[in-house]
Structures are given as C-alpha cells and as structure tokens.
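*Asks:* below: sequence and its predicted model.
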Amino acid sequence: MLTETLSHLHSLTRSFRPEVGIILGTGLAGLVADIDVEYEIAYEDIPHFVHSTVESHKGKLIFGRLAGKPVVCMQGRFHYYEGYSMKEITYPVRVMQALGIRNLLISNAAGGLNPAFSEADIMLITDHISLFLPDNPLFGKNTSGDRFPDMSEPYCPDLLEKARRIIREQGIGPVQEGVYVPVPGPQLETRAEYRLLRQLGADAVGMSTVPEVIVAVQLKIPVLAVSVITDMCIPETLKKAELQHILANAATAEPRMTLLFRELIKTLD
C-alpha cells in the first residue's frame with residue numbers, strides 16, 4: 001500500500017521532499033493560505049487514502065513551502081466516528097514519514113474541561129489520556145516502528161519549549177497547557193461524562209489527534225499538538241453546543257495558532 005501511495009504522490013509532485021508534516025483540525029484550515037502551494041491533491045485521488053466526510057474538512061493534501069521550509073499539510077483529517085479504522089485514519093502519518101518529514105505539527109478543535117480556560121484559548125498539549133478509544137492503530141501485526149513504543153513523552157519536550165519561547169516573544173495569547181482526552185464521538189458528552197473526564201485529569205476533550213500521535217511516536221517523529229478551545233464543557237454551566245459557535249471560536253483563535261506554527265517551523269532543522 002505504502003509503495004503504491006508514494007509512487008503516485010512522487011509522480012504528481014516530482015518527488016517533492018517535505019521536512020515538516022502538518023495536520024489541520026476542524027475550522028483550522030486557514031494556515032494553508034500562508035503556504036506557498038506547489039501541489040494540491042484531493043484525498044480521493046490518492047491510492048489507499050480514505051475520504052474526509054466532515055463538511056469543515058477540505059480533504060486535500062497540500063505540498064509547498066511555509067516559512068521557507070518544505071511542508072506537507074493535511075487540510076482536514078479523518079476520524080474514527082466516520083466509520084474508518086484506526087489504521088485508516090493514521091495511514092497519512094505513515095505516508096508523511098515515508099515522504100521524509102522530520103517533525104509533525106497537529107491541531108484540533110476541543111472542548112474545554114478546565115474552568116480556568118476560556119473559549120478561543122489555545123492549549124499546548126503536554127500529555128493525553130487514550131483509555132477511552134475503542135481501538136488502537138498499533139493493534140495487529142507490526143510492520144514498521146517499535147512494537148511497544150514508549151509514551152512517557154508523546155509530545156516532544158524540545159518542540160514544546162520552542163513553542164513556549166515563541167509565545168513569549170511574539171506575545172501570542174491566551175495560551176494554556178494541559179492534558180487532552182480523545183473520545184470516539186460523534187455525539188458530544190453528557191454532563192456526567194464531562195465531570196468524569198475532568199476528575200481523571202483532562203483539561204480538554206476532542207475526537208482526534210491521539211491516534212495520529214501514537215503512530216508518530218512509534219515512528220519516532222517529534223510531535224507538537226495544539227488544541228483550540230472552541231466551547232466550554234463545564235457541567236455546572238453547560239450550554240448546548242452549536243457548530244457555528246464552535247467554528248466562530250476556531251476562526252478567532254486560528255491567526256494565533258497560524259503564527260505559532262509559522263514561527264516554530266522557522267526554528268526547525
């Protein structure tokens with residue numbers, strides 16, 4: 001599969017070799033406007049890629065330059081709740097690693113569980129809780145990477161420190177740090193479930209990112225992941241979630257996330 005995918009991509013991109021991989025989450029595709037795009041390929045035209053069925057995910061693989069560095073960017077991701085397996089939704093990470101990326105930057109839209117957070121905050125993910133996922137992208141025969149990858153530091157300490165420095169120097173705020181917990185979705189959580197997740201130590205909840213991180217760690221790709229807090233999930237003050245409200249908060253935070261990613265990419269070797 002990987003050989004067929006790579007052969008097709010190389011034929012379309014003249015063997016473009018990206019150094020940084022980027023995965024953009026719900027409502028956060030605007031970063032592509034900052035990329036000097038050289039090639040743009042729809043997922044449905046890539047062998048062994050599944051299709052993005054979520055309306056706010058464009059479903060394109062973008063090759064180009066950002067901050068002078070060659071990048072490959074997923075403009076929209078795949079989710080378990082779309083009916084795909086964990087292996088299918090993480091396959092693009094294996095493709096990007098085979099294309100040559102040396103770092104992976106990930107974004108997502110998430111609900112805030114920490115009462116100290118506010119809508120449109122950015123949260124650097126420092127750790128995660130993956131116990132609620134019903135499947136694992138590493139289940140089954142191991143064909144590449146560690147069989148038992150160590151997850152003591154899934155989010156690269158060096159990238160986190162660089163991000164903190166950029167946040168201070170550029171005055172990017174408000175920026176939080178915390179623990180992300182993924183759930184399968186697509187339904188949102190009940191008040192009792194939000195209360196449980198917070199008691200377990202989670203600061204934000206979403207429906208993505210961690211499967212991709214697990215595969216990246218297995219393949220020894222340094223990862224930085226960022227959540228944009230698009231709605232607050234505090235049981236005592238919970239309001240009904242509205243997609244337009246979520247997308248509006250993502251749009252408010254997106255320029256700050258884009259600035260962070262762009263400045264971080266400048267520092268990467």
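*Replies:* Perfect, thanks for sending it. On a predicted model such as this, the values are computed, not experimentally measured, just so you know.
*Asks:* quick one: the strands in the stretch 151-269 of the chain?
*Replies:* 175-182, 204-206, 223-232 (DSSP state E, counting those that start in this stretch).
*Asks:* and the residue nearest to S227 when sequence neighbours are not counted, what element?
*Replies:* Nearest residue to S227, sequence neighbours excluded (CB to CB, 6 or more residues apart in numbering): A110, at 3.9 Å. C-beta here means a position set from N, CA and C on the backbone, and glycine is covered the same way. Secondary structure assignment for A110, by DSSP states H and E: strand 103-112.
*Asks:* now do the helices in the stretch 51-200 of the chain.
*Replies:* 86-99, 157-170, 191-199 (DSSP state H, counting those that start in this stretch).
*Asks:* most packed of the ones you listed?
*Replies:* Ranked by mean neighbour count, those are led by helix 86-99 with a mean of 21 (mean count of other CB atoms under 10 Å).
*Asks:* neighbours of L224, how many?
*Replies:* 22 (other CB atoms under 10 Å).
*Asks:* what of the one 10 residues further on?
*Replies:* For I234, the count of nearby residues is 17 (other CB under 10 Å).
*Asks:* picking up where we left off before, and the helices of the stretch 51-200 of the chain as TSV, adding distance to L24?
*Replies:* Listed next are those as TSV, based on distance: least, CB to CB, whole Å:
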stretch	distance to L24
helix 86-99	12
helix 157-170	17
helix 191-199	24
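*Asks:* I'd like the ones you listed as JSON lines, with distance to H79 and mean pLDDT appended.
*Replies:* Listed next are the helices of the stretch 51-200 of the chain as JSON lines, based on distance: least, CB to CB, whole Å; pLDDT from 0 to 100:
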{"stretch": "helix 86-99", "distance to H79": "6", "mean pLDDT": "97"}
{"stretch": "helix 157-170", "distance to H79": "24", "mean pLDDT": "97"}
{"stretch": "helix 191-199", "distance to H79": "18", "mean pLDDT": "97"}
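*Asks:* E177 is nearest to which of those?
*Replies:* helix 157-170 (8.2 Å; CB to CB).
*Asks:* could you list every helix and strand in contact with the closest one?
*Replies:* strand 122-128, strand 223-232, helix 243-267 (3 or more CB pairs under 8 Å, 6 or more residues apart in numbering; DSSP states H and E).
*Asks:* neighbouring contacts of the first one?
*Replies:* What it means is strand 122-128. 110, 112, 117, 154-155, 160, 163-164, 172, 174-182, 203-204, 209-210, 213, 224-229, 253, 256-257, 260 (CB atoms under 8 Å, 6 or more residues apart in numbering).
*Asks:* of these, grab the buried ones for PyMOL.
*Replies:* A single PyMOL command selects the buried members of these (16 or more other CB atoms under 10 Å):
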select buried, resi 110+112+117+154+155+160+163+172+175+176+178+179+180+181+182+203+204+209+210+213+224+225+226+227+228+229+253+256+257+260
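*Asks:* let me know how buried G21 is, in neighbour terms.
*Replies:* Neighbours of G21 (other CB under 10 Å): 26.
*Asks:* before we move on, what SS does it have?
*Replies:* strand (DSSP: H, G, I helix; E, B strand; the rest coil).
*Asks:* which one in the chain is furthest away from the centre?
*Replies:* Relative to the centre of the chain, and counting by CA atoms, centre = their mean, the farthest-placed residue is E236 at 28.9 Å.
*Asks:* residue contacts, the residue nearest to the spatial centre of the chain?
*Replies:* A centroid search over the chain (CA atoms, centre = their mean) returns I106, at 3.0 Å, as the residue closest to the centre. Residues near I106 by CB under 8 Å, 6+ apart: 22-23, 25, 209, 212-213, 223-226.
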